[in-house]
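J.: What shape does this take:
(one chain, ligands or ions: 1)
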Amino acid sequence: MNRYESLLLTALLSGSLVGAGAAEKPQNFARADLAAVASLRDRGLADDTAYRLIESLTTEVGPRPAGSPGDKAAVAWAAREMQRLGLKNVRTPAVVVPHWERGDAEFAVIAPLPQSMPVLALGGSVGTDAAGIEAEAVQVADLKVLAALPADAVKDRIVFFNGRMARTRDGAGYGAAVPVRATGPSAAAKLGARAVVIRSISTSHDRFPHTGTTRYAADGPRIPAFALSNPDADALERQFATGQAVRLRLRSSARDLPPERSANVIGEIPGSDRASEIVILAAHLDSWDPGTGAIDNAAGCAILMTAAKLINDAGLKPRRTIRVALFANEEFGLSGSRAYVEENAAELDRHVVGFEADFGAGPVWRLASRVNPAQLPAVDQIHRAMQPFKLERGGNEATGGADLDGLARLGMAILSPDLDGSNYFDVHHTANDTLAQVDPAAVRQSAAAFAAAIWLAAQYPGDWQRVTTEKPARR
Ligand SMILES: [Zn+2]
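T.: You can find the predicted model right below:
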């Protein structure tokens with residue numbers, strides 16, 4: 001979730017491709033194309049390919065953070081599986097990725113009531129020396145409260161950010177809570193703090209802390225940063241409630257290593273009469289390291305690979321080219337999708353519609369969009385054709401995921417079969433993100449729903465015009 005990098009990207013490419021969207025008459029889909037939805041649904045609901053892919057990636061490769069041996073193994077895995085599923089033009093353009101290694105971490109309350117708790121270093125955070133850091137802690141709710149403290153209130157101390165995240169179906173709670181993880185450590189460092197601990201950006205009640213990227217300010221000191229699970233943050237809160245000084249000891253051996261080679265993995269169903277137009281299906285292949293990245297994001301990769309397979313297996317020949325793009329290193333800086341935009345600079349305007357799956361294993365509950373208003377009747381037709389899936393009709397404010405942010409900011413339309421994220425933040429970025437969290441029936445439904453929407457997007461008889469309204473920033 002990467003506002004700063006997106007802004008950078010936009011600055012880099014600004015102005016070139018956001019075309020004007022003249023009004024056009026709504027164009028109706030061919031009857032045979034609409035009828036294919038029923039067949040894709042029936043096939044999809046009876047096809048376990050997506051679940052099998054999640055099982056295979058999480059078992060044979062497992063954790064695959066950027067730059068790790070698992071990252072390289074995942075690239076080989078994806079290229080092999082795309083070929084096996086019948087995708088064409090399978091390729092693995094190289095991407096240079098940062099390489100951060102977690103090492104191990106320890107967290108202990110020294111006073112008033114000594115005990116140790118499980119902890120995770122935040123992604124990209126610096127380590128401590130071998131002895132660790134011991135200091136008094138200051139509890140704050142959020143960045144605003146920190147900024148309002150008197151000068152020197154956190155100097156030489158450890159800042160504990162104790163804000164809670166709300167559970168929502170669409171991820172809004174995460175968007176509201178995550179700035180503390182991204183910028184809290186630098187904000188505290190500027191005030192002289194020695195380390196930061198956050199309540200996990202998570203809705204879970206178990207003791208698995210949640211990791212994720214922190215982003216140091218370029219011009220400030222870098223201090224170690226950690227996350228506690230919700231129950232342990234509650235326990236720490238009770239220590240503060242005693243009214244006595246809370247002393248903590250923290251240790252982390254996290255460190256940066258030299259950049260590594262990774263790759264995007266791309267495969268296609270070539271189009272026919274509109275083959276030069278690309279419907280891009282985006283998911284990220286990397287994962288965080290504590291779990292095996294089942295819901296984040298083996299599920300998204302598997303849903304999109306399977307959607308393409310279902311279209312292939314049904315003998316359907318799309319008009320536009322359907323391109324599956326599994327991007328390198330979304331989690332720790334969007335390396336793959338940024339490299340893709342740079343490498344394909346000459347043909348970005350040929351990317352007419354994007355789908356992204358990066359919100360768990362489903363089911364799909366809503367169809368939202370971000371299209372030129374002239375194509376809203378087409379989205380209505382797609383929604384009606386998908387009536388057997390009983391989806392809610394979302395608005396036209398879909399943001400897409402982080403990997404499509406660059407293309408969407410250049411005006412590419414987004415269709416968003418929304419995955420139900422109610423339980424997503426119980427698991428995401430934790431050691432608990434494993435195959436056990438995936439419901440096979442939800443994955444089958446998701447692959448089928450994506451297949452239907454992707455198929456119709458590829459067949460739309462009109463033009464998918466550029467979206468000219470400014471895309472809101474992602475967090
Ligand atoms: Zn993800």
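
J.: what comes up buried for stretch 241-249?
T.: For stretch 241-249, a neighbour-count test (16 or more other CB atoms under 10 Å) marks 246, 247, 248, 249 as buried. Heads up, the C-betas are built off the backbone N, CA and C, glycines and all.

J.: How about stretch 357-364?
T.: For stretch 357-364, by 16+ other CB under 10 Å, it's 357, 358, 359, 360, 361, 362, 363, 364.

J.: So the fourth one, which state does it fall into?
T.: Going by DSSP: H, G, I helix; E, B strand; the rest coil, the secondary structure assigned to residue 360 is coil.

J.: thought it was touching residue 419?
T.: Yes: look at residue 360 against residue 419 with CB atoms under 8 Å: they come within range, at 5.3 Å.

J.: State the distance from whichever residue of the stretch 351-475 of the chain sits closest to the ion to residue 416.
T.: For the stretch 351-475 of the chain and the ion, the shortest gap (CB to the ion) falls at residue 358, measuring 4.3 Å. Residue 358 sits 11 Å away from residue 416, taking CB to CB, to the nearest Å as the criterion.

J.: Equivalent analysis for residue 376, please.
T.: Counting by CB to CB, the separation of residue 376 from residue 416 is 14 Å.

J.: Look up the residues that both of these two are in contact with.
T.: residue 369 (CB atoms under 8 Å, 6 or more residues apart in numbering).

J.: quick one on the thing from earlier: among the buried residues of stretch 241-249, which are located in strands?
T.: If you go by DSSP state E, the buried residues of stretch 241-249 have 247, 248, 249 in strands.

J.: and these as CSV, adding distance to the ion and pLDDT?
T.: Formatted as CSV, these follow (distance: CB to the ion, whole Å; pLDDT from 0 to 100):
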residue, distance to the ion, pLDDT
247, 36, 98
248, 30, 98
249, 32, 98
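
J.: and which of those residues is nearest residue 447?
T.: residue 248 (45.6 Å; CB to CB).

J.: which bits of the chain sit near the ion?
T.: Applying CB under 5 Å from the ion, one finds that the chain approaches the ion through 296, 297, 358.

J.: ok, the longest strand along the chain: who's next to it in the sheet?
T.: What stands out as the longest strand in the chain, according to DSSP E, is strand 274-284. As defined by DSSP bridges, the strand partners of strand 274-284 come to strand 320-327 (parallel), strand 351-356 (parallel).

J.: Could you export the buried residues of stretch 357-364 as JSON lines, including pLDDT?
T.: Formatted as JSON lines, those follow (pLDDT from 0 to 100):
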{"residue": "357", "pLDDT": "98"}
{"residue": "358", "pLDDT": "97"}
{"residue": "359", "pLDDT": "95"}
{"residue": "360", "pLDDT": "96"}
{"residue": "361", "pLDDT": "96"}
{"residue": "362", "pLDDT": "94"}
{"residue": "363", "pLDDT": "97"}
{"residue": "364", "pLDDT": "98"}
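
J.: that older thread, please identify which of residue 376 and residue 416 sits among more neighbours.
T.: Comparing residue 376 with residue 416 by other CB atoms under 10 Å, the one with more neighbours is residue 416, at 25 against 13.

J.: quick one: residue 401 from residue 297, how far?
T.: For residue 401, the distance to residue 297 (CB to CB) stands at 9 Å.

J.: now residue 182
T.: Going from residue 182 to residue 297 by CB to CB gives 19 Å.

J.: before we move on, what about residue 127?
T.: 27 Å.

J.: now the strands for the stretch 301-450 of the chain?
T.: Assigned by DSSP state E, counting those that start in this stretch, the strands in the stretch 301-450 of the chain fall at 320-327, 351-356, 364-370, 392-393, 413-419.

J.: from memory residue 326 sits against residue 287, does it?
T.: No: shown here, residue 326 and residue 287 do not form a contact pair, counting by CB under 8 Å, at 11.8 Å.

J.: and the residue nearest to residue 208 when sequence neighbours are not counted, what does it touch?
T.: Nearest residue to residue 208, sequence neighbours excluded (CB to CB, 6 or more residues apart in numbering): residue 430, at 3.9 Å. For residue 430, the contacting residues are 200, 202, 204, 208, 209, 210, 211, 290, 291, by CB under 8 Å, 6+ apart.

J.: can I get the residues you listed in TSV with neighbour count and secondary structure?
T.: Below are these laid out as TSV (neighbours: other CB atoms under 10 Å; DSSP: H, G, I helix; E, B strand; the rest coil):
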residue	neighbour count	secondary structure
200	28	coil
202	28	coil
204	21	coil
208	23	coil
209	30	coil
210	30	coil
211	28	coil
290	19	coil
291	24	coil
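
J.: Of all those residues, the one with the weakest confidence?
T.: Note: of those, the lowest pLDDT belongs to residue 202, at 88.

J.: Check the contact between that one and residue 211; I expect there is one.
T.: No: in this structure residue 202 lies outside contact range of residue 211 using CB under 8 Å: 10.1 Å.

J.: what is in contact with the two at once?
T.: Residues touching both residue 202 and residue 211 (CB under 8 Å, 6+ apart) are 429, 430.

J.: Give me the buried stretch members for stretch 304-319, please.
T.: Residues 304-314, 316, 318-319 are the ones in stretch 304-319 that count as buried (16+ other CB under 10 Å).

J.: Just those residues: which are in helices?
T.: 304, 305, 306, 307, 308, 309, 310, 311, 312, 313 (DSSP state H).

J.: Kindly indicate which of the residues you listed lies nearest residue 280.
T.: Nearest to residue 280 among these is residue 304, at 9.9 Å by CB to CB.

J.: so how far is the ion from that closest one?
T.: 13 Å (CB to the ion, to the nearest Å).

J.: what's the burial count for residue 285?
T.: Using other CB under 10 Å, residue 285 has 28 neighbouring residues.
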